[in-house]
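1. Sequence isn't available, so here's the structure alone:
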């Protein structure tokens, strides 16, 4: 019987418990989320730029990509990117005349899939943040002779982050939980380690509750950092308003 108080010893560290494995899985979850965030932010900016571009081909491609990601279940996207990326790499190696057995690392495949998902939603956040920057400030930059690059990096981009932080913070929370989807391709994240431990000890409730507590801890800490980033981004605005 999966009676949690009686099984609390299963969460201990060392040979008698699974605490070490759960923490190792938690570390992989954090690594997955951070790696996917880094790649997803870059891809999101590129997608936002494509949607805002005057080039109709870029706009159509970006909108089609975002529509695809939104329409397809995230579980399926992870599988598609895992098997699709491996097949693509094998094809490209074949074109180069290289015929070797190749298997895409599962962690890398999970990062690719999660980044692709994050980027599609981050693109809309960046696009909205870009359009939220007052045009009067852009016109002022032009009036004093700033180049387009100077206007973007000194006026547009800093304020884009101010507007984008709340939305990106929410997407980070979603990404942190979506890392559990990596378990489907056998990445030993927190959820998969909990599943393995629960099946081995025939106490799934104990380990799933422990995993839930760790996810709650991660999201709680993330929320604290998000609030601090928002306050830091608003400091100059608060002073000027005063």
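-> That came through fine. What you see is a predicted model; the values in this text were computed from it and never measured. Residues are numbered from 1 along each chain as shown.
2. where are the low-confidence patches of this protein?
-> Where the chain drops to pLDDT under 70, the residues are 1-6, 101-102, 236-242.
3. quick one, helices of it?
-> 19-52, 56-71, 74-95, 106-132, 135-143, 148-151, 157-178, 190-201, 204-233, 235-241 (DSSP state H).
4. For residue 13, which of those is the nearest?
-> Nearest to residue 13 among those is helix 19-52 (4.1 Å), distances taken as CB to CB. The C-beta positions use only the backbone N, C-alpha and C, and glycine is treated the same way.
5. which strands and helices sit next to that closest one?
-> Under the contact criterion of 3 or more CB pairs under 8 Å, 6 or more residues apart in numbering; DSSP states H and E, helix 19-52 touches helix 56-71, helix 106-132, helix 157-178, helix 190-201, helix 204-233.
6. picking that back up, for the helices of the chain, could you give me CSV that also reports mean neighbour count and distance to residue 13?
-> CSV is the format used below for the helices of the chain (neighbours: other CB atoms under 10 Å; distance: least, CB to CB, whole Å):
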stretch, mean neighbour count, distance to residue 13
helix 19-52, 19, 4
helix 56-71, 14, 40
helix 74-95, 14, 31
helix 106-132, 21, 24
helix 135-143, 12, 55
helix 148-151, 13, 53
helix 157-178, 18, 24
helix 190-201, 20, 13
helix 204-233, 15, 13
helix 235-241, 9, 42
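7. Determine how far the last residue of stretch 183-196 lies from the first.
-> 11 Å (CA to CA, to the nearest Å).
8. To residue 80, which of the helices and strands packed on helix 19-52 lies closest?
-> Closest to residue 80 of these, according to CB to CB: helix 106-132, at 7.7 Å.
9. the inter-axis angle of the closest one versus helix 19-52?
-> 40 degrees (axes from the mean of the first three to the mean of the last three CA atoms, to 10 degrees).
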